[in-house]
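In: My questions concern the predicted model and sequence given below.
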Amino acid sequence: MEPQVRVHRLAEQVADRIRAQIIAGDLADGDPLPKSEELIRRYPVSMPTLREAMRILEAEGLITVRRGRLGGAVVHRPSPANLGYNLGLVLAAQRSGIGDVAVALRYVEPACAALCATRRDRARTVVPRLRELHAEYLESIEDLPTVVGVSRRFHEALVSLCGNPPLIVLAGALEALWSSHEEGWASRTEPRGVPLSQREASGEVHGQILALIEAGEAEAVHRLAASHLADAQRNPKPAGGPSIDLTLLRELMRPPGEPPIPA
C-alpha cells in the first residue's frame with residue numbers, strides 16, 4: 001500500500017501547484033495545459049502520477065481532459081457556475097427542489113440590488129450594464145426563450161455587480177442553478193405560456209429597479225426587487241418538475257463549443 005500512498009501524495013502536490021497557477025490567473029480560463037511531456041519535465045513524476053493529478057483537477061472542475069489524438073487539458077477558472085453545479089448535487093441528494101432555490105434567491109438577490117445602489121461608482125460600473133440589458137430585454141420581448149435569457153442576465157448582473165465578493169459567489173451559484181432550470185423551461189414552453197403583457201410588466205419593473213439603483217435608493221430597490229422576484233418566480237414550471245434536474249445542471253459545466261446534451 002505504501003507505493004500507492006506515495007503516488008497519491010505526489011499527485012496531490014502536482015495538482016496543488018497547477019491549481020495555484022489557475023487561482024493566481026497564470027493559467028487563464030480556456031487556456032490549454034502544456035502537454036504531458038512538458039508537465040513531466042516541470043514536475044518530475046511518473047505518467048501514472050500525472051494522470052492522477054489530472055483526475056484530481058478534473059473532479060474539481062478546474063480542467064477538462066479531452067482524450068484521443070487531438071486531446072489535451074483545458075483550464076476552467078472557478079466560477080459561481082461551478083459552485084452552482086456542486087450545490088445542485090448536494091441539494092438533489094437532500095431531496096431539495098428548485099423551489100427551495102427560488103426562496104433562497106428571494107432573500108439574497110434583493111440584498112445584492114441594495115448593495116448596487118450603495119456603490120459610489122455605480123454610474124460607471126453598474127448602471128451602464130443594467131441599462132444595456134434592459135434595452136436588450138425590450139428589444140427581444142416577443143421571443144420568450146430569448147427574453148427569459150436576457151431577464152436572467154439582468155438578475156445575474158444585480159448579483160455580479162454588487163461589489164461584495166463572497167455574496168457574489170454565493171448568490172451567483174444560486175442564480176446559475178435557477179437560471180439553468182428557468183431557461184430550460186422557457187425553451188420547452190409555448191410563447192403564450194407567459195403573456196406579452198406580463199413580459200412588458202416585468203420589463204417595466206426592471207426599468208424601475210435600474211432607476212432606483214441609479215438614484216442610490218438602497219431600501220426602495222431592496223423592497224422592489226423582493227416583490228418582483230416573488231411575482232416572477234410564479235411563472236416558471238422548471239423542466240422536469242419541482243425537483244432539481246441533473247441534466248440541466250450538467251449544462252452549467254459544459255465547456256464552450258461542446259455540443260449540448262440531447263434532451
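Out: Alright, I've got the coordinates.

In: Could I get the contacting residues of Ala232?
Out: 151, 202 (CB atoms under 8 Å, 6 or more residues apart in numbering). C-beta coordinates here come from the backbone N, C-alpha and C atoms, glycine included.

In: close enough to count as contact, Arg153 and Glu132?
Out: No - using CB atoms under 8 Å, Arg153 makes no contact with Glu132, being 9.7 Å away.

In: out of these two, which sits in the busier spot?
Out: Neighbour tally, Arg153 and Glu132, criterion other CB atoms under 10 Å: the higher count belongs to Arg153, 17 against 13.

In: Now do the residue nearest to the more buried one when sequence neighbours are not counted against Leu10, distance only.
Out: Of all residues not flanking Arg153 in the chain, Leu133 sits nearest, at 5.6 Å (CB to CB, 6 or more residues apart in numbering). Distance, Leu133 to Leu10, using CB to CB, to the nearest Å: 48 Å.

In: swap in Pro166?
Out: 33 Å.

In: thinking Val45 is in contact with Leu10, fair?
Out: Yes - between Val45 and Leu10 there is a contact at 5.3 Å, judged by CB under 8 Å.

In: Just the pLDDT for Ile213.
Out: Confidence at Ile213, expressed as pLDDT, is 98.

In: name the element it belongs to?
Out: Per DSSP states H and E: Ile213 is located in helix 196-215.

In: For that helix, buried residues please.
Out: Of the residues in helix 196-215, those buried by neighbour count under the rule 16 or more other CB atoms under 10 Å are 199, 202-203, 205-207, 209-214.

In: just stretch 112-130 next, same as before
Out: By neighbour count on 16+ other CB under 10 Å, the buried set for stretch 112-130 is 112-117, 119, 122, 126-127, 129-130.

In: Quick check: mean pLDDT of that stretch?
Out: Here the average pLDDT along stretch 112-130 is 98.

In: Just give me how far that stretch sits from the chain centre.
Out: Distance, stretch centre to chain centre, for stretch 112-130: 20 Å (CA atoms, centre = their mean, to the nearest Å).

In: which residues touch it?
Out: 154, 157-159, 161-164, 167-168, 171, 206, 209-210, 212-219, 221-222, 225.

In: can you check stretch 23-39 too?
Out: With CB under 8 Å, 6+ apart as the criterion, stretch 23-39 contacts 14, 18, 21, 42, 47, 50, 63, 72-78, 256.

In: Span of it from start to end?
Out: End-to-end span of stretch 23-39 (CA to CA, to the nearest Å): 18 Å.

In: Now name the helix or strand holding the residue nearest to Arg153.
Out: With DSSP H and E as criterion, Leu133 is part of helix 127-139.

In: where does the stretch 1-150 of the chain have low pLDDT?
Out: 1-8, 68-71 (pLDDT under 70).

In: Do you have the strands of this structure handy? List them.
Out: 63-66, 72-75 (DSSP state E).

In: any chance of those in CSV, with distance to Leu27 and mean neighbour count too?
Out: Output for these, formatted as CSV (distance: least, CB to CB, whole Å; neighbours: other CB atoms under 10 Å):
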stretch, distance to Leu27, mean neighbour count
strand 63-66, 9, 18
strand 72-75, 5, 18
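
In: could those strands be laid out in TSV, adding distance to Leu138?
Out: Output for the strands of the chain, formatted as TSV (distance: least, CB to CB, whole Å):
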stretch	distance to Leu138
strand 63-66	37
strand 72-75	37
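
In: So for Ala176, which of these sits nearest?
Out: strand 63-66 (17.7 Å; CB to CB).

In: Could you tell me which strands sit next to the closest one in the sheet, and their orientation?
Out: strand 72-75 (antiparallel) (DSSP bridges).

In: Need the residues that contact the strand it pairs with.
Out: Here strand 72-75 has contacts from 22, 27-33, 35, 54, 57-58, 62-66, 255, using CB under 8 Å, 6+ apart.
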